[in-house]
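>>> my questions are about this predicted structure, shown below with the sequence.
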Amino acid sequence: MTAVIESPVSQVLVSRASLRDLSDQMGPDVCRQFVGNYINMWEGRYARLVNSLDGGDYPGAMDVVLSIKISSQMAGAKQLAGYAGIAQDMVGRTDIHGLQSLLEPMQQCGEATLASLRDMLAGI
């Protein structure tokens with residue numbers, strides 16, 4: 001059985017408007033710090049997701065998926081937040097095959113998101 005991966009809700013990788021809103025709400029220094037922390041935490045979050053799935057730890061996988069989704073929404077990483085939303089649904093259904101097929105596109109999206117955020121960070 002082949003899992004079908006829906007497209008994330010947004011085709012926008014990173015929303016400049018969301019970053020501006022965060023900067024306006026929190027101030028540019030706090031925004032830069034948040035985005036820097038988000039970038040620095042990506043590898044660990046992704047590794048925790050993979051390890052949780054490898055160990056069949058669905059509560060652990062849900063925890064990390066929600067962390068990725070919420071922090072991505074805050075950072076304006078719309079596409080990655082979309083993938084995390086899909087993963088959240090799959091974790092809730094314990095759809096290991098769907099999750100396994102989602103990992104590579106999610107990792108690629110995460111790496112592209114980080115590159116885009118690094119470029120945008122200088123403009124905050």
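Nice, thanks for sending it over. For clarity, every value in this text was computed on a predicted model and none was experimentally measured.
>>> got the phi and psi for residue 55?
Backbone torsions of residue 55, given as degrees, to the nearest 10, read phi -90, psi 0.
>>> tell me the confidence at it?
pLDDT for residue 55: 97.
>>> could you check how many residues crowd around it?
10 (other CB atoms under 10 Å). Every C-beta, even on glycine, is put in place using the N, C-alpha and C of the backbone.
>>> same check on residue 14?
For residue 14, the neighbour count with other CB under 10 Å is 23.
>>> with adjacent residues omitted, what lies nearest to it?
In space, residue 14 comes closest to residue 116 once its chain neighbours are excluded; the distance is 4.5 Å by CB to CB, 6 or more residues apart in numbering.
>>> what stretches of this protein score poorly on pLDDT?
Counting by pLDDT under 70, the chain contains low-confidence ranges at 1-9, 123-124.
>>> host element of the residue nearest to residue 14?
In the assignment (DSSP states H and E), residue 116 maps to helix 96-121.
>>> buried set for that helix?
Buried residues in helix 96-121, counted by 16 or more other CB atoms under 10 Å: 96, 98-99, 101-102, 106-107, 109-110, 113-114, 116-117, 120.
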